[in-house]
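>>> Predicted model and sequence follow; I will ask about them next.
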Amino acid sequence: MRRLLAVAAAFVVSAGALSAPAHAGGSHPERPRTVITTDMESDDIASLVRYLLYTNELDTKGIIYTSSKFHWAGDGQGTEFFLPNREYKTPQTSWRWTGNTTLEDQVIPAYAKVYPNLRRHDPAYPSPAELTSLVRLGNISFEGEMASDTPGSNLIRDLLLDKDRRPVYLQAWGGTSTIARALKSIEERYSSSPRWGSVKAAVSKKAVILASGFQDETYANYISVAWPAVRVEERSAGYATWGFNCNNNGQGNVRGLPADRVYFTGDWIRRNIQVGPWGSLYRSWLDGQTTPGDPLDVFGDPVKAPGGWCKPMAEYDFLSEGDNVVFNPLLPTGLRNPADPATGGWGGRAYQVTASPNLWRLVPTEKDATGADVANLTTLRWAAAAQNDFAARIQWTLTPRYSAGNHPPSVRIAGGDTVRARPGATVKLSAHTADPDRDRVTTAWWQYREEGSYPGTVAISGSRVTVPAGAEPGQTISVIAQVTDNGGFPLTRYDRVTIRVS
């Protein structure tokens, strides 16, 4: 039996502080229900390589082909389509469509090769047959087409109308047309019914749209107007970490904080990600891979690639996933709270732009340990942890031996998720930690300033947090326990506690 490393469960509050309530804590929340809609361009394939390694942690209900302003299939009847300010300058019968069977022909067969190994590391991974059963064609004919029901829109519609009260997190890796069609179908079915008010309220509460940008006009023209209470998180600001930004204002490939940039270099990507039958699907700069059916996807082609655009990049440097900006918030790192996008985590913190429509976007800056405002820190601060986690799971695909892989530690702050303390008090925190591989773990405690309402920096020494004497009753201080193991790819998990000034 693997030894569990543990820190004694207790906390002590020094003179002037109040005791914390008892709290069971530590139980993992239920797996989020989610659906992917994707236009299956190059970065979507890369995002799928990462995403499917986390399907043991998520309740995936559908993977649906959809259109976007960058990719649409046409209706097969030669109908020409045109919208201004697009990549094409004349009417087209289709645009950069990569096919209706890429998942079935390329992605899932590669997954099938590594599935036996993945199951050794976690039997919760879905089988290749299960994944195939989730695939649907959505609204793919033209950009923004939402006139007709499709198998994909019907799947989303039925999930939104079922008796399961859990939210359905609708990931928009392409346009939102298939999601919009599902909502329109519900409207058409119930808008003349006496039940319409209650149905609309229930669906608006259940549906959460996680968009990696608005890649057609269906959000602006339909969803925001007809369904203003649906929460929509537009997370394209996360492209600063994960998107097509290789030139980054002429400064070269500078993703990540300075110490973390190694995780985006060609040497690291080639050695740790693009390995084996699964990792070899991943896309990187000049790696020789281009997407069939997409003549503008030349980023893997050393001859055709736009040299000036990515000239500072070395061969195999990270190119783009992009769409992990919308599923990172769902991953169970210990910080996951998809019900509250204002809390931090691997997906970044969001703020509410408007209440009606209910629109959220990522915050532009956060403060680093020195108190300086850093652009895009809300996603950049997690890049090293996310990349190491990804690489560790790639290793799971390569070995059937559980002992040959690294698996994440766990941490639970003892005593509850809220502590009450008076100004000037010192709170001593502690945490239970465990590692399934018997790895040594280290624990760091730090203040997540933006999660608390106290506006300044608090002193933290080890696990002792001193509440500033000038703190006012009702203000809050968010403290993160960060636990990292010493595996070959160090894996990190977290817990948070809120200190409420009283």
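Arrived safely.
>>> alpha carbons only for contacts and neighbour counts from here, please
Fine.
>>> Next one: the residue nearest to Arg401 when sequence neighbours are not counted from Lys113, what distance?
Of all residues not flanking Arg401 in the chain, Arg120 sits nearest, at 6.9 Å (Cα to Cα, 6 or more residues apart in numbering). Going from Arg120 to Lys113 by Cα to Cα, to the nearest Å gives 13 Å.
>>> Pretty sure Leu183 is one of the things Ala147 touches, is it not?
No - contact criterion Cα atoms under 8 Å: Ala147 and Leu183 do not qualify, at 11.5 Å.
>>> So between those two, which is more surrounded?
Legend: neighbour count by other Cα atoms under 10 Å for Ala147 and Leu183, higher for Leu183 (26 against 13).
>>> buried stuff in the helix or strand where the more buried one lies?
If you go by DSSP states H and E, Leu183 is part of helix 177-190. Neighbour-count burial for helix 177-190 flags 177-187 (criterion: 16 or more other Cα atoms under 10 Å).
>>> could these be laid out in a markdown table, adding pLDDT and distance to Arg420?
Below are those laid out as a markdown table (pLDDT from 0 to 100; distance: Cα to Cα, whole Å):
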| residue | pLDDT | distance to Arg420 |
| --- | --- | --- |
| Ser177 | 98 | 47 |
| Thr178 | 99 | 47 |
| Ile179 | 99 | 43 |
| Ala180 | 99 | 45 |
| Arg181 | 99 | 48 |
| Ala182 | 99 | 46 |
| Leu183 | 99 | 44 |
| Lys184 | 98 | 47 |
| Ser185 | 98 | 49 |
| Ile186 | 98 | 46 |
| Glu187 | 98 | 47 |
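>>> Just the closest of those to Tyr448, please.
Set against Tyr448, the nearest of those by Cα to Cα is Ile179 (34.4 Å).
>>> got the phi/psi numbers for the closest residue to the closest one other than its chain neighbours?
Nearest non-adjacent residue to Ile179, counting by Cα to Cα, 6+ apart: Ser153, 6.3 Å away. The phi and psi values for Ser153, taken as degrees, to the nearest 10, are phi -70, psi -30.
>>> ditto for the one 5 residues further on
When read as degrees, to the nearest 10, the backbone of Asp158 gives phi -70, psi -40.
>>> how close does Tyr222 sit to Glu450?
Relative to Glu450, Tyr222 is positioned 33 Å away (Cα to Cα).
>>> again, but for Leu491
On the measure of Cα to Cα, Leu491 and Glu450 end up 24 Å apart.
>>> Now do the same contact list for Asp297.
42, 290-291 (Cα atoms under 8 Å, 6 or more residues apart in numbering).
>>> Give me the residue ranges of the stretch 201-350 of the chain where confidence is low.
In the predicted model of the stretch 201-350 of the chain, residues 246-254 satisfy pLDDT under 70.
>>> which residue ranges form the helices in it?
218, 224-226, 239-242, 266-272, 276-279, 307-310, 324-327 (DSSP state H, counting those that start in this stretch).
>>> residues in contact with the shortest one?
This points to helix 218. 144, 175-177, 180.
>>> Leaving out sequence neighbours, find the closest residue to the most centrally placed residue in the chain.
Using Cα atoms, centre = their mean, the residue of the chain that lies closest to the mean C-alpha position is Asn328, 1.8 Å off. Excluding the flanking residues, the one nearest Asn328 by Cα to Cα, 6+ apart is Gly347, at 4.6 Å.
>>> what about the residue lying closest to Phe299 once chain neighbours are set aside, how many residues close to it?
Leaving aside its chain neighbours, Phe299 sits nearest to Ala305 (4.9 Å; criterion: Cα to Cα, 6+ apart). Residues lying near Ala305 (other Cα under 10 Å) number 17.
>>> Can you name the residues that contact Ala305?
Contact analysis of Ala305 by Cα under 8 Å, 6+ apart lists 286, 298-299.
>>> Next: Tyr402.
Contacts of Tyr402 by Cα under 8 Å, 6+ apart are 120-121, 396.
>>> now do 7 Å
120-121 (Cα atoms under 7 Å, 6 or more residues apart in numbering).
>>> Val49 too?
Contacts of Val49 by Cα under 7 Å, 6+ apart are 279, 281-282.
>>> Tell me the one among those residues nearest to Asp437.
Gly279 (23.4 Å).
>>> Name the nearest residue to the closest one, ignoring sequence neighbours.
Counting by Cα to Cα, 6+ apart, Ile273 is the residue found nearest to Gly279 once chain neighbours are left out, at 5.3 Å.
>>> I'd like to know how many residues surround Arg422.
23.
>>> returning to what we had before: measure the residue nearest to Ile179 to Ile273 for me?
Distance of Ser153 to Ile273, computed by Cα to Cα: 33 Å.
>>> more neighbours, the two?
Ser153 (28 against 25).
>>> and Trp285, what is it in contact with?
Counting by Cα under 7 Å, 6+ apart, Trp285 has contacts 299-300, 315-319.
>>> swap the cut-off to 6 Å and go again
For Trp285, the contacting residues are 299-300, 315-317, 319, by Cα atoms under 6 Å, 6 or more residues apart in numbering.
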